Every structure is written in structure tokens, then in C-alpha cells.
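Student: just need the structure, nothing else, for what follows:
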Amino acid sequence: MVDVIVGLEQLAASPPAGLKEKRLGLLCNSASVDSRLVHARQRLFDRFGPRLTTLFSPQHGLFAEKQDNMIESGHRRDPLLQIPVYSLYSQTRIPTPEMFANIDTLLIDIQDVGTRVYTFIYTMSYCLEVARRLDKQVVVLDRPNPIGGTAVEGNCLAPDWRSFVGRYPLPMRHGMTIGELALMFNQEFGIGCRLEVIPMAGWRRAMGFAQTGLPWVAPSPNIPTPVSALVYPGQVIWEGTNVSEGRGTTQPFELFGAPYIDPQGILDFLGGQTLPGALLRIMEFEPTSNKWQGTPCRGFQLHVTDPDNFRPYGSSLRLLQAVLRCHADAFQWKPPPYEYEFDRLPIDLILGSDTVRMHLESMGPVQELEASWQKELDAFDRMRRNYYLYS
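Tutor: Below is the predicted model of the structure:
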């Protein structure tokens with residue numbers, strides 16, 4: 001029995017009166033499904049017919065088929081409905097007026113993963129901004145935050161480090177649904193478009209994804225399971241290094257390593273294999289693509305044993321510092337470009353500040369970092385509560 005009813009099904013069952021006779025667009029990808037795995041565009045076409053005129057896709061494409069960063073997807077026609085699909089990860093990440101010409105209301109139904117650097121939420125923010133300029137309505141169909149809606153973690157993005165992996169001062173783990181984020185972006189950051197959120201029924205903030213009763217469909221190629229989403233807020237930092245984050249394996253972000261890593265040395269630096277709510281298991285893997293393709297890598301699988309107490313960002317910062325300390329001769333920061341930023345270090349864009357990197361390089365304790373950002377994290381926590389749709 002499904003416990004949670006997503007916004008898509010809520011809207012299909014009882015559409016807002018304001019959508020009557022409106023021409024509709026839909027921002028979606030392959031994870032935009034209902035509890036029976038029927039895709040949103042099919043559900044909406046069944047409800048609204050040819051008034052659904054236009055589709056939009058985020059990074060990785062309509063079917064989440066593009067593997068990596070800065071691999072663009074082109075515009076196309078949808079093979080099911082034979083209507084145009086505009087890629088918002090192509091020549092532009094910002095919708096053009098021409099893309100919105102045949103719609104009155106944009107519906108947004110995309111699965112976020114609860115992490116600041118996931119680009120889908122910024123594609124949504126650009127859509128809100130363009131809708132405001134063109135006087136179009138936006139309706140967000142809410143979905144669960146797969147890593148829960150209670151915990152927040154990490155430093156908030158510093159203003160000088162804005163990019164497509166961070167437009168607003170969010171912490172790395174923000175603890176909000178995509179509908180709540182839309183409300184916050186629209187109000188706190190002055191977008192001011194005509195916005196409505198269709199909430200879920202039955203979702204509670206403390207839910208892990210398994211508790212929702214919903215099927216998991218990978219929102220992007222390297223988030224294949226809810227576990228990969230759970231570790232992603234920390235393990236994504238390896239993207240800014242020459243350590244493999246497990247891309248090109250069947251367990252991206254759970255696996256990490258490099259040919260030069262001495263796993264036992266890392267464990268000795270950490271004082272054992274235990275992190276809060278997780279265990280490290282020494283292993284080797286060989287990526288079939290991406291960093292270290294075809295080369296055996298020594299490292300770990302990160303096993304989450306207690307999701308409620310697991311702190312992905314702090315854990316991965318400790319692991320990164322261990323690699324810095326034990327392998328200074330072989331470790332490297334990945335050079336630009338990264339998500340269309342051609343001058344700044346990818347790791348600083350991911351961490352949302354250069355001070356975090358410099359603190360780790362100087363071997364300052366991670367606990368000092370966490371203490372330094374606690375005040376701003378508390379302020380964010382208070383602010384986000386103004387936009388709660390769920391208790």
C-alpha cells in the first residue's frame with residue numbers, strides 16, 4: 001500500500017480551477033512518475049489532452065540518459081506525445097521567451113535529491129524567473145525529499161561562489177521538498193512569480209524514501225538508488241578531485257577510491273572504520289568510464305548503517321582530509337571547467353566557499369569548520385520553517 005500521494009496524482013485527481021482552458025508546459029524527466037510508474041506527461045495528457053503543448057527537460061535529458069556534467073542534451077520531439085521537448089541543459093540553461101510562447105502555465109514535476117549542488121532546483125529557479133518576466137503561472141507538483149526533511153547540514157553557499165551548482169545560500173543538505181524550495185526561492189530571493197504548489201498527501205518530514213511506499217526511479221544516471229542519494233551530499237565532493245566518486249561502477253557515490261590510495265592508512269588516520277551512522281569497507285573497483293577508466297582503484301564502500309545519525313557532508317569532509325594527509329604527493333584538485341565555470345576550482349564551487357578547502361588543506365579539524373558555520377546553519381533552519389508544507 002502506498003503511503004504517500006505525490007503532487008502529480010493530487011493534481012490529476014483534482015486540478016486547480018485556474019488551469020481550466022490553460023495551455024500547459026511540463027518540466028520533467030524519467031523520474032516524473034506516479035505510484036504505478038505512469039509518467040507525468042501521460043497522466044497530464046490523459047487529464048488535459050492537447051492542452052499539454054510543450055515539455056522541458058533538465059540536466060541529463062528527458063530520459064536521464066546523459067551521464068556526466070557538461071554533457072548537453074538537444075531539443076527534440078517527445079516520442080509519446082509528439083510535442084516539442086526543450087532542453088534546459090543545452091546552449092542555454094535559462095528558458096527563452098520562444099520556449100514559453102505556447103504555454104500559459106508551466107507545471108514542474110522533477111525529483112530533487114535534497115542537496116545544494118543538484119542542478120534541477122536551479123533549473124526550476126530560472127523557470128520561475130522567466131515566468132515572472134513573461135507573466136506566466138508556475139505550478140510545482142511536490143515530491144518527497146528522498147533523504148528526509150528534518151536534518152540540515154553544512155556551510156551555506158557564500159555569495160562569491162554562486163554558480164549553476166549553487167545559486168542561493170543553502171547548506172549542502174537543505175531538508176526541504178522541491179515545492180518548499182520553490183516557495184522559498186520565490187519569496188526570499190525576490191522572484192515573485194505567480195506560483196502554486198500542489199502538496200503531497202501522507203508525507204512526513206522524518207520519512208526515508210523507503211517509508212514513502214513509492215517506487216524509486218533514478219532522477220539522474222548516477223543516483224540509481226535511494227542509498228546513492230543519501231550519501232551524495234558528502235560524496236559529491238570527490239567530483240572536485242582526482243579521486244573516483246564511483247562513476248562508471250554500479251554503485252556511484254557509495255564507492256570511492258584511486259589507484260594511489262592506501263585504505264589502511266586512511267583508516268589509521270581516521271582512528272578506525274566507523275563514521276557516525278556508517279561503516280567503511282575496504283575494497284577495490286575498476287571504473288568502466290570517467291576518472292581512472294579501466295584502472296583498478298583502491299578505496300572503500302561507504303555503508304550507511306543508521307540513516308538518522310548519518311551525516312554525509314561531515315563524514316566525507318573527514319575522508320577528504322584523510323586523503324589529503326596520507327597522499328599529498330598523488331592527490332590533486334580537479335581543474336576547471338565544471339558546470340560552465342571556467343576559472344574557479346570545481347571543489348570550491350561544490351563546497352560553496354574556498355575557505356572550506358583551505359581549512360582542510362591546513363589540517364584544521366573538521367569540528368572547527370562545523371562550529372564555524374553553525375550560526376548560519378541555524379539561521380537557515382529557522383528561515384526554511386516559514387515554508388514548511390508538512391509537519
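Student: wait, residue 387 touches residue 176, no?
Tutor: Yes: assessed by C-beta atoms under 8 Å, residue 387 is found in contact with residue 176 at 7.1 Å. For every residue, glycine as well, the C-beta is placed using N, CA and C.
Student: more neighbours: these two, which one.
Tutor: Taking other C-beta atoms under 10 Å, residue 387 and residue 176 do not tie; residue 176 has more neighbours (24 against 19).
Student: assign a three-state SS to that one, would you?
Tutor: coil (DSSP: H, G, I helix; E, B strand; the rest coil).
Student: nearest residue to it other than its sequence neighbours?
Tutor: Leaving out its chain neighbours, the residue that sits closest to residue 176 by C-beta to C-beta, 6 or more residues apart in numbering is residue 384, at 5.6 Å.
Student: returning to what we had before: shared neighbours of residue 387 and residue 176, which are they?
Tutor: Counting by C-beta atoms under 8 Å, 6 or more residues apart in numbering, the shared contacts of residue 387 and residue 176 are residue 184.
Student: that older thread, doesn't residue 152 make contact with the residue nearest to residue 176?
Tutor: Yes: look at residue 384 against residue 152 with C-beta under 8 Å: they come within range, at 7.4 Å.
Student: between the two, what contacts are shared?
Tutor: 174-175.
Student: the helices in the stretch 201-350 of the chain, which residues?
Tutor: 226-235, 263-270, 312-326, 346-351 (DSSP state H, counting those that start in this stretch).
Student: quick one: distance of the second one to the chain centre.
Tutor: The chain centre lies 30 Å from the centre of helix 263-270; the measure is C-alpha atoms, centre = their mean, to the nearest Å.
Student: quick one: contacts of that helix?
Tutor: 257, 273, 280, 282, 298-300, 318-319, 322-323, 325-326.
Student: give the buried residues for that helix.
Tutor: For helix 263-270, the neighbour count (16 or more other C-beta atoms under 10 Å) marks 263, 266-267, 269-270 as buried.
Student: list just the nearest of these to residue 292.
Tutor: Closest approach to residue 292 among the buried residues of helix 263-270 (C-beta to C-beta): residue 263, at 15.2 Å.
Student: one step back: which one of the helices of the stretch 201-350 of the chain lies closest to residue 252?
Tutor: Closest to residue 252 of the helices of the stretch 201-350 of the chain is helix 226-235 (C-beta to C-beta; 6.0 Å).
Student: how far off centre is the closest one?
Tutor: For helix 226-235, the distance to the chain centre is 10 Å (C-alpha atoms, centre = their mean).
Student: what's the answer for stretch 296-305, then?
Tutor: 21 Å.
Student: list of residues touching that stretch?
Tutor: 227, 230-231, 235, 243-244, 251, 254-263, 266, 275, 277-287, 310, 315.
Student: could you give the bridge partners of residue 258?
Tutor: With DSSP bridges as the criterion, residue 258 is bridged to residue 298.
Student: pretty sure it sits against residue 238.
Tutor: No: if you go by C-beta under 8 Å, residue 258 and residue 238 don't touch, sitting 9.2 Å apart.
Student: so these two - more neighbours on which side?
Tutor: It is residue 238, of residue 258 and residue 238, that has more neighbours when counted by other C-beta under 10 Å, with 27 against 21.
Student: residue 126: neighbour count?
Tutor: 17.
Student: residue 172 too?
Tutor: Neighbour tally, residue 172, other C-beta under 10 Å: 29.
Student: any idea how far the closest residue to it other than its chain neighbours is from residue 234?
Tutor: Nearest residue to residue 172, sequence neighbours excluded (C-beta to C-beta, 6+ apart): residue 154, at 3.3 Å. Per C-beta to C-beta, to the nearest Å, residue 154 is found 9 Å from residue 234.
Student: and the residue nearest the centre of the chain, what is it in contact with?
Tutor: Centroid-nearest residue in the chain: residue 118, 2.9 Å away (criterion: C-alpha atoms, centre = their mean). By C-beta under 8 Å, 6+ apart, residue 118 lies in contact with 112, 165, 232.
Student: that one: what secondary structure?
Tutor: coil.
Student: where do the strands sit along the chain?
Tutor: Shown for the chain, the strands assigned by DSSP state E span residues 24-27, 52-57, 76-77, 84-87, 105-108, 137-141, 194-198, 255-258, 274-275, 278-285, 297-304.
Student: of all these, which one is nearest residue 340?
Tutor: Of all the strands of the chain, it is strand 84-87 that lies closest to residue 340, at 14.4 Å by C-beta to C-beta.
Student: walk me through which strands that closest one pairs with, and which way each runs.
Tutor: By DSSP bridges, strand 84-87 pairs with strand 52-57 (parallel), strand 76-77 (antiparallel).
Student: most neighbours per residue, which of the ones you listed?
Tutor: Looking across those with neighbours counted as mean count of other C-beta atoms under 10 Å, the highest average goes to strand 52-57: a mean of 24.
Student: what sits in contact with each of residue 258 and residue 238?
Tutor: With C-beta under 8 Å, 6+ apart, residue 258 and residue 238 have common neighbours residue 244.
Student: hmm, back to that, are any of the contacts of helix 263-270 buried, and which?
Tutor: 257, 273, 280, 298-300, 318-319, 322-323, 326.
Student: mind picking the lowest-pLDDT entry from the residues you listed?
Tutor: Within these, residue 273 has the lowest pLDDT, namely 84.
Student: who's in contact with residue 188?
Tutor: The contact partners of residue 188, taken as C-beta under 8 Å, 6+ apart, are 168, 383.
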